[in-house]
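Student: Build the 3D model from these lines:
(2 chains)
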Amino acid sequence: EPEVTQTPSHQVTQMGQEVILRCVPISNHLYFYWYRQILGQKVEFLVSFYNNEISEKSEIFDDQFSVERPDGSNFTLKIRSTKLEDSAMYFCASVQGASGEQYFGPGTRLTVT
Amino acid sequence: SQQGEEDPQALSIQEGENATMNCSYKTSINNLQWYRQNSGRGLVHLILIRSNEREKHSGRLRVTLDTSKKSSSLLITASRAADTASYFCATDRKIPRLTFGEGTQLTVNP
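Tutor: Numbers count the residues shown, from 1 in each chain, chains lettered A, B, ... in the order given. As a prediction, this is how the structure comes out:
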C-alpha cells in the first residue's frame, strides 16, 4: 500500500539554525500539507499546498517557514532560523482530491536546543 | 473556540469491552475523520464520514455523525490491548485543512 514517507525521523539542531524537513507524498496525490504537534498537545495545521503554490497557511506559518516542491516527488518544509518553541513533531500529509482521507507520514521529531 | 473536542480525555477499559469516544465541533463541516496515534508515532487514518452520512462501519469501528448536534462518536467493539492509543477526530470544511481535537487517550487493559 502506498504511504507518505518523511526524513529524517529525528533532527536535532541548535537555535538559529536552518532545517529542512523532507516528505515524499503518495504519488498520485495532488494536495499536500504540513502539520505540527508540540509534545502533549494537539495536531495543528501549518500549511497546505496545491498546484505548486500555497493554498492556505495558519498564523503559525510565519516568514520563518517556507515550503517547496522542488521536483515531482519531494515536498519540503524549511525553517530558516529555528527557535526553541519550534521543537515538535512535524507531519506531512497528502490527499488525492480536494476532500478526502489525508494520509500522514510517520513524522519528523525536531528538537531545537 | 475549539473545533473538534473529544471526550472523555482518557478512557481505561478491559480487553473485550467496547470503547466509545465522542467528538464535538462548532462550525459546519465537509467531512469528519478519526485518526489514531500510538505514543510518539504518526497518525493513522481510521475512518472518514461525510456530512451527509449518519453512520459508517469499518471492521470493529463504528462512527456516527449528528450534524444537528455537531457531534460524532467512535465506537470500538471487542477492544484489544493493541487498541491502546490516542484517538483524534478531525474536521474539514470546503477548504480541506484538518482541525484536530485534543484527543482521547484509550487504555485497554489485558
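
Student: where in the chain is pLDDT low?
Tutor: I'll assume chain A. Applying pLDDT under 70 to chain A flags the ranges A:98-99.

Student: The chain in question should be chain B.
Tutor: In chain B, residues with pLDDT under 70: B:1-4, B:94-96.

Student: residue with max distance from the center of it?
Tutor: For chain B, the residue at maximal distance from the C-alpha centroid (C-alpha atoms, centre = their mean) is B:Pro110, at 22.1 Å.

Student: what's the closest non-adjacent residue to that one?
Tutor: Among residues not flanking B:Pro110 along the chain, B:Ala81 sits closest, at 4.6 Å (C-beta to C-beta, 6 or more residues apart in numbering or on different chains). C-betas here are computed from N, CA, C, even on glycine.

Student: what's B:Ala82 sitting at in phi/psi?
Tutor: For B:Ala82, the backbone dihedrals (degrees, to the nearest 10) come out as phi -70, psi -10.

Student: Now it: closest residue in space that isn't a chain neighbour?
Tutor: B:Ala82's closest residue in space is B:Val108 (C-beta to C-beta, 6+ apart), at 7.8 Å.

Student: The strand or helix carrying that neighbour pairs with which strands, and in what direction?
Tutor: Following DSSP states H and E, one finds B:Val108 within strand B:104-109. Note on strand B:104-109: by DSSP bridges, its sheet partners are strand B:10-14 (parallel), strand B:85-92 (antiparallel).

Student: deepest of these, which one?
Tutor: The highest mean neighbour count among these, using mean count of other C-beta atoms under 10 Å in any protein chain shown, belongs to strand B:85-92: a mean of 24.

Student: ranges for the strands of the chain?
Tutor: I'll assume chain A. Ranges of strands in chain A, per DSSP state E, are A:5-7, A:10-13, A:19-24, A:31-37, A:43-50, A:53-57, A:65-68, A:75-79, A:88-95, A:103-104, A:108-112.

Student: meant chain B actually
Tutor: Applying DSSP E to chain B gives strands spanning B:5-7, B:10-14, B:19-24, B:31-37, B:43-50, B:55-58, B:61-66, B:71-76, B:85-92, B:99-100, B:104-109.

Student: mind checking which of these is nearest A:Gln64?
Tutor: Checking these against A:Gln64 by C-beta to C-beta gives strand B:99-100 as the closest, at 22.5 Å.
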